[in-house]
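1. Dropping the sequence and predicted coords here.
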Amino acid sequence: MNQFQSFSQPQPLPVSEYAFPGVLQFLQSEWRRFERDRNEWDIEKAEMKARIAFLEGEKRGVDNIKIDLMKRVKMLEYALRQERSKYVESKDSNAVSAPSQSPSGGVTRVEILSQKLHIPMSSSANGVTGQVNNKGMNRLSTYSNPGQNMSQVSPTSSTPAFDPIGRAKSREFLRICLQEISYLTSSVPQSIAVTMPPAPSRLARNEADRRSAAVGARNRRSDFFPANQSAVAPPPLNRANSVPVSTLQSFSAPKPSALTQPLDPADVGIAGAPVEDKIEDATLRQFPSKPRSIVAEGLTNTTIAAKTASKSAPAPLVTPPSNGAKQEQEKAASDESDNVDEEPITVMHSPLSGEQWHAQLQKAGQQLSQQSKSKKTGTKVEDEVQLSKDVQDKFNISSERLNKMVKDWDKSKQDGGVVGQKSIRKKKGKDSAMLDELASLSVTEDDVADVGSKDGEPLSDEPPRWRPKITLRRHMDTVRSIAFHPTNKSILSGSDDGTMKYWNLESSLKEGKRPLNGEVDPIHTYRGHTKAVTAVVISADQNKCFSASLDSTVRSYKLAPMNKETYAPLDPSMTLSTYIGHTDAVWDIRLFPLSISSSQLLGSISADGSLKIWDTETKGSPLKSSWGYNGVESKSATTNALSQLPVPTSLDFCPTDLKKMVVSYTNSVIKLFDIETGKVILTFKSDESYDGTPATQINKVICHPTLPIVVSGHEDRYIRFFDLNSGACTFSMLSHLDAVSSLDIDPAGLVLCSGGHDSSVRLWDIASSTRPCVQEFTGHRRKGDEGVCAVQYHPTLPNLLATGGADSIVKVYTRS
Amino acid sequence: MMLTETPEQEASKHAKNSSVHQDSSKANDSNHSTAADNHVPTAGAHPLRNLPGTKDEKLYQWPQRSLESIESAFALREYLQALIRQDPHNLDLLIALPAGQDEHSWLYEHLCQICLELNYLIVHLEPECTPEACPEMRAEEWKYFCATHPTPRECCAIDYLTHTLDGASALLNNVKVFPSRICVPEGSVKNFQNIARRLYRIFAHAYFHHRDIFDAFEAETSLYERFLRLSRTRQLITEKLIIIPGQSNEDDTTHASTKQIMARSRDE
């Protein structure tokens, strides 16, 4: 139930977005719900049918009883008349003592009394002669008030007049009838209830409905047939009860206080009142208090009956119905209090009366049991779905796969459902087949889970996998560098086509779950370089962006506002300045992690062998310092000498030590420089793998955001980890099938993303000592011998990753 | 279809040329290798990419490959770019349809490449062609409205140029219009003419209003000439829209030859 709720609650969210998977999921869930509802309706229908059959059987039985009783009554009347006439004839002198009434009156009175005792059963049972019943009751009540003496006197006088054998017979018959009726009323729902699934497995909606009215699972019946129950089935019984009880009470009203001390009159009053008035209402209204009070009343009645029986002769005349009533009420009580053991008689009678309608209901019962089974299966499946969702959440299983599994399941269920409609018998087989499928499904889930855990995600809160979300196709050539805005959902891309494009991803990321393959236009295209753009960075504090190019320059531009239209008029002030100083291709630029007031450093490295630090805020000459392979000391060396030295390939500032920066060189050496002095602090032992050709050079070097770790991506397909303090290589792994082109570490510092010219993007869990690959996907198609050229995490927003590749495309990935 | 004869001839010519170029590039390479460590690139092993740190003079220093040997999805583009890098002025070779290739795909790659290179023309135009200097998009006596907007608008020249170029890039990159690089859907072929017509205006504006820049750029890239010949041979632009006068006798002769070809193909 909870599972169902938690499963259905997230539905409304994706609905509003109208993405294809969302709609599909919504449709699937809707379909499942309809299927469930249909199952319920089928069950209800079967229950209704069972109920109708039961009621028909009951009516037939009651009619039989009525006819029988009427015969008996007539017989008794006739016998009484005979007796009376005999008595009058033989003992005419023996006048009636107590009330000075005429013998004829006495006769009528006894007649009436006998009618009171018997007719109510039949009249109320068939419900047609209710008028007679009411009249009789009225007469009885008017009669029984003064009838204190009558109970004392008339019994003594009339007892011999009744035929004891006939009375015993009729009493016995009545008892059987009552038992049968009570069995019919109680045991049918029982059998249904047994076949029904237990309450917890019902769906929340219905459950709530049912619980509002009923206490136990069996009370569902009364909930299903509130009108029927009160109008058709119980009233004859209850009214049959009510009459004797009231009679009994009115008979014994003065006595209980005298005879039965422990009996609390209030108890009787409370319990008796509703029984007399509207027992059918009371059964519905007073469930909490009812069972106990009825039992108590029943006990009271028995005690009273016993007392009266022991005390006076006419008592037996009263007790049989009261016994029946007691049993009936006990039955009702047991019905409601869910106590089956209280009815040994019912059990005894079950084969007799059960066969009648049990045969009829057998089929229905089977339907019910099967459907309940199928419903159980349904809930089970829901559980499974929920489970799989959990598993997915936990182990990053692709939702496509999950969807596929769900689809498969739906298909199988649909098949099962159709067949089930055609023939319920067959459905059982289908159900078992479905269960088998489910078993296999759960196995596959386990497999997936295993794979997920095998993939080495020791972190239980590991977010799901990255999925492509937006494809940006506007560049005309290889995208060589990308940079996220530090806070906005916007991205800058630099390409071999000499342009830099700035994209607003805000709306594209919102649009549903469907991956956008589409036509996202950049909000601005920066032109200025005369050759390919090699690196781009964004400085949010300055609202600037910088680009490096093979044309030996670094250029800075104003960032286009996020709401700029693609084809808005050109703003000439966008172009800010050009940093000219390098004499050869600039291959990488990097912003200093912190922008100190009125100073924002930018480092650039060039094929001319130099590294230059620019202050992008200063009014004067932006060039702050410049040094070559050997640091500032070698500045005295001629440019010729510089050109012979290894060329820097990549640089990064150290976020953990803001005075330092690392630079990688074509000879696979990584050097740690002091930014202020330009002196070499440390030369990493990173060139052990260098074989003297560019085939082993370092393409990219980055610093870990929080730990003193430097990661380098090599042309020889390796990624290597270095300790920033010692310069020692701590880990080395063959990571791609071709050269590693780009690296980035996620803001949390746990996952390393690498892009390679084998066109794959790989994510590495660098928190683990073995640094296993967490996810791998094909990023971009190859052009020439280039594949993925740039990978970038969003620096602050989680769940945003972008890659740029040789296929001129920028892809933005999300995970959710 | 119409040019089945000529491309084959040209292809054979090109094959010779390319082999010559291959040799020359290898020769260049060996010359350079003395300076660069002991790095001896072999045709197969040398990765076809510019490694970070590559000096400007060594960019794209890999041997020209035959089109058949290029296996990537961008074979035609790589091939075309390699040809242009070799000699941007060898227009016959550039324009000629490589043997066995789809005519429209080749045209598509050419237009992409022209858009790419027009970026650089605009870079050169930008300092001079300001909204103040050229408040209207004009070329000779023509005035153009910018069609990239929902309703064509009167943009200033530089806006018109950038918008047109961006629009053309967007259209060429539109996967719905051009879903594949291997073949161009029939319905998308007509877009070539629209793109070409608009791109022509960029050249026209540059020619009539920024002649110095146009000439310098043309001397470096022969981009307009390439574009013009491509448009004429593929009939992308009607003759009366070509308002830039032919610059030399050579052009006239090429025009004549293409006209001859067209006439011949019509006869067929």
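-> Yep, that arrived. Numbering: from 1, shown residues only, chains lettered A, B, ... in the order given.
2. I'd like to know how far the residue nearest in space to the middle of chain B sits from chain A.
-> The residue lying closest to the centre of chain B (CA atoms, centre = their mean) is B:Ile114, at 3.7 Å. According to CB to the nearest CB, to the nearest Å, B:Ile114 stands 10 Å off from chain A. Glycine gets a C-beta too; all of them are placed from N, C-alpha and C.
3. if I pick that residue, what's in contact with it?
-> B:Ile114 is in contact with B:Leu199, B:Leu223, B:Arg226, B:Phe227, B:Leu230, counting by CB atoms under 8 Å, 6 or more residues apart in numbering or on different chains.
4. averaged over its residues, what pLDDT does stretch A:178-194 have?
-> Per-residue pLDDT over stretch A:178-194 has a mean of 59.
5. nope, stretch A:591-607 is what I was after
-> pLDDT averaged over stretch A:591-607 gives 86.
6. and it with chain B, contact?
-> Yes: under the criterion of CB under 8 Å from any CB of the partner chain, chain B is reached by stretch A:591-607 at A:Ile605, A:Ala607.
7. what's the span of that stretch, first residue to last?
-> Using CA to CA, to the nearest Å, the end-to-end distance of stretch A:591-607 comes out at 19 Å.
8. Top of the contacts of B:Ile114 by number of neighbours, please.
-> Comparing the contacts of B:Ile114 by number of neighbours (other CB atoms under 10 Å in any protein chain shown), B:Phe227 comes first, having 25 neighbours.
9. Next one, pLDDT for B:Ala96 please.
-> Reported pLDDT for B:Ala96: 89.
10. Now do the strands in chain B.
-> With DSSP state E as the criterion, chain B has strands at B:138-139, B:142-143.
11. Quick one: distance of the first one to the chain centre.
-> Pointing back at strand B:138-139 there. Taking CA atoms, centre = their mean, to the nearest Å, one finds the center of strand B:138-139 at 22 Å from the center of the full chain.
12. again with the last one
-> If you compare the mean C-alpha spot of strand B:142-143 with that of the full chain, they lie 25 Å apart, counting by CA atoms, centre = their mean.
13. How confident is the prediction for residue 144, by pLDDT?
-> With no chain named, the answer covers chain A. 43.
14. hmm, I had chain B in mind actually
-> For B:Tyr144, pLDDT reads 88.
15. any idea how far chain A is from it?
-> Counting by CB to the nearest CB, the gap from B:Tyr144 to chain A is 15 Å.
16. could you list every residue that touches the closest residue to that residue other than its chain neighbours?
-> Spatially, and ignoring its direct neighbours in sequence, B:Tyr144 is nearest to B:Met137 (4.5 Å; CB to CB, 6 or more residues apart in numbering or on different chains). By CB under 8 Å, 6+ apart, the contact set of B:Met137 is B:143-146, B:154-157, B:159-161, B:201, B:205.
17. which one of the residues you listed sits closest to B:Glu126?
-> B:Leu161 (8.9 Å; CB to CB).
18. wait, what's in contact with that closest one?
-> Counting by CB under 8 Å, 6+ apart, the residues that B:Leu161 touches are B:Ile122, B:Leu125, B:Cys129, B:Met137, B:Ile202, B:His205.
19. ok, for A:Ala560, nearest residue in space, not its chain neighbours?
-> A:His524 (3.6 Å).
20. Wait, that neighbour touches A:Tyr502, no?
-> Yes: between A:His524 and A:Tyr502 there is a contact under CB atoms under 8 Å: 4.6 Å.
21. shared neighbours, the two?
-> Joint contacts of A:His524 and A:Tyr502 (CB under 8 Å, 6+ apart) are A:Ala560.
22. Of those two, give the one with the bigger neighbour count.
-> Taking other CB under 10 Å, A:His524 and A:Tyr502 do not tie; A:His524 has more neighbours (28 against 24).
23. residues in contact with the more buried one?
-> Counting by CB under 8 Å, 6+ apart, the residues that A:His524 touches are A:Lys501, A:Tyr502, A:Ala560, A:Lys564, A:Thr566, A:Met574.
24. right, and A:Asp807 touches A:Gly784 too?
-> No: the criterion here is CB under 8 Å, and A:Asp807 misses it with A:Gly784 at 10.9 Å.
25. Identify the contacts common to the two.
-> What both A:Asp807 and A:Gly784 touch, as defined by CB under 8 Å, 6+ apart, is the set B:Phe74.
26. before we move on, back to that, mark which of the contacts of B:Leu161 are buried, thanks.
-> B:Ile122, B:Leu125, B:Cys129, B:Met137, B:Ile202, B:His205 (16 or more other CB atoms under 10 Å in any protein chain shown).
27. among those residues, which two are most distant?
-> B:Ile122 and B:Met137, at 13.2 Å, using CB to CB across those.
28. So the residue in the stretch 151-268 of chain B that chain A sits nearest to versus A:Tyr526, what's the distance?
-> Per CB to the nearest CB, B:Asn173 is where the stretch 151-268 of chain B lies closest to chain A, at 4.3 Å. Counting by CB to CB, to the nearest Å, the gap from B:Asn173 to A:Tyr526 is 17 Å.
29. Would you list the phi and psi of B:Pro52?
-> Here is the backbone geometry of B:Pro52 (degrees, to the nearest 10): phi -60, psi 140.
30. what's around the residue nearest to it when sequence neighbours are not counted, how many residues?
-> With CB to CB, 6+ apart as the criterion, B:Pro52 has its nearest non-adjacent residue at 4.0 Å, and that residue is A:Thr649. Applying other CB under 10 Å, we find 29 other residues in the vicinity of A:Thr649.
31. Give me the sheet partners of the helix or strand hosting A:Thr649 and which way each runs.
-> Per DSSP states H and E: A:Thr649 is located in strand A:648-653. Paired with strand A:648-653 in the same sheet, following DSSP bridges, are strand A:660-665 (antiparallel).
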